[in-house]
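Undergrad: Curious how this folds, go ahead:
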Amino acid sequence: MNAIARPMKPFERPDGAGAPPFPFQPEKADVSHIRRKWLDIPYASVSAAQQLDLYLPDAGEGPFPVVVDIHGGGFELGDKRDPHILAFLRGLERGYAVASLNYRLSGEATFPAGLQDVKAAIRWLRAHAAEYHLEPSRIAACGASAGGNYAAMVCVTGGVPVFDDPSLGNIGYPCDVQAAIDWFGPIDFLTMDEQLAASGLEPCDHSRPESPESRYLGAPVMEVPERARLASPMTYVGNDMPPILIQHGTADNLVPFQQSVEFARAIEERAGRDKCELDLFEGWGHDDPRFSSDENLARVFDFIGRHLK
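TA: Okay, here's the model as predicted:
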């Protein structure tokens, strides 16, 4: 798919040997123009991080299908009101409610706490659907980078009880989704460095003790392969999963595009071709601004619309 070329975002490497590169920390998105919104709603009470923002279209009484945005940041950074939310807030124009989530980051709690939080937030949305004019049977999970991993995990683990934490509330409501969008999410932590090296991209440091993935797992990736397997969406692909759109740039030097290729291949083999669509964008980097272009967002919302009928 062709898209209008736009400048790449700058990256910086935080202080510390071997620390991974992250985008410059952005200011929060301006959402003052959105008339119907609720900010910083607690969806659980274990951590102050367990909050969500909820936005409704300006017109209509619903019930509105829901787009759930899960922010990225290497499982250790990021916020529900980072500028990335602006792309998915375009769903308001198309009649979707949009929920943006915070979750426990790896500095507070390691895997699977963040995933349990995301599932708890989806349960909360269903439990409060009538109050907020939401359609609980039409929910799509969307995320970029680490948020892409979470969106993929939610997609394939709807019936996996190990990630259900009753202490987070609303356990009687389902946490499944009807569609998912995975933008360049890490899928198999054990193969990331090997794949980056094969493409001649650097840095190849995801296996280091201080890497985001190692901090997320609570130990160096290669020392806990079974935990890495449990954190991989590849492990749970099956026939009962909803459809997912996977998009990745071939010049991504943080999350190798082969992660998405292998994930899509596994879905096709185990669940069927109708469960996955894969877009590879030649020359696009990690978090390339073109993911949020009008053309690509039209593609994303077309996919969501087809599966949230």
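Undergrad: Tell me which residues touch the nearest residue to residue 245 once chain neighbours are set aside, please.
TA: In space, and not counting its chain neighbours, residue 245 is closest to residue 303: 4.5 Å by C-beta to C-beta, 6 or more residues apart in numbering. C-betas here are computed from N, CA, C, even on glycine. Residues in contact with residue 303, defined by C-beta atoms under 8 Å, 6 or more residues apart in numbering, are 179, 181, 243, 245, 277.
Undergrad: want to try JSON lines for the residues you listed, with pLDDT as columns?
TA: Converted to JSON lines, those look like this (pLDDT from 0 to 100):
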{"residue": "179", "pLDDT": "98"}
{"residue": "181", "pLDDT": "98"}
{"residue": "243", "pLDDT": "98"}
{"residue": "245", "pLDDT": "98"}
{"residue": "277", "pLDDT": "98"}
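Undergrad: among those, who's most crowded?
TA: Using other C-beta atoms under 10 Å as the neighbour test, the contacts of residue 303 are led by residue 181, with 28 neighbours.
Undergrad: The one helix or strand it maps to: how far from the chain's middle?
TA: Assigned by DSSP states H and E, residue 181 belongs to strand 179-183. Put simply, strand 179-183 sits 7 Å off its chain's centre (C-alpha atoms, centre = their mean, to the nearest Å).
Undergrad: I'd like to know which elements the very next helix or strand once past it is packed against.
TA: Next along the chain after strand 179-183, taking DSSP H and E as the criterion, comes helix 192-198. In terms of contacts (3 or more C-beta pairs under 8 Å, 6 or more residues apart in numbering; DSSP states H and E), helix 192-198 is packed against helix 258-270.
Undergrad: now what about the helix or strand following the helix it packs on, what contacts it?
TA: Heading C-terminal from helix 258-270, the first helix or strand you meet, by DSSP H and E, is strand 276-281. The contact list for strand 276-281 (C-beta under 8 Å, 6+ apart) reads 1, 3, 243-250, 257, 260-261, 264, 267-268, 288, 290, 299, 303.
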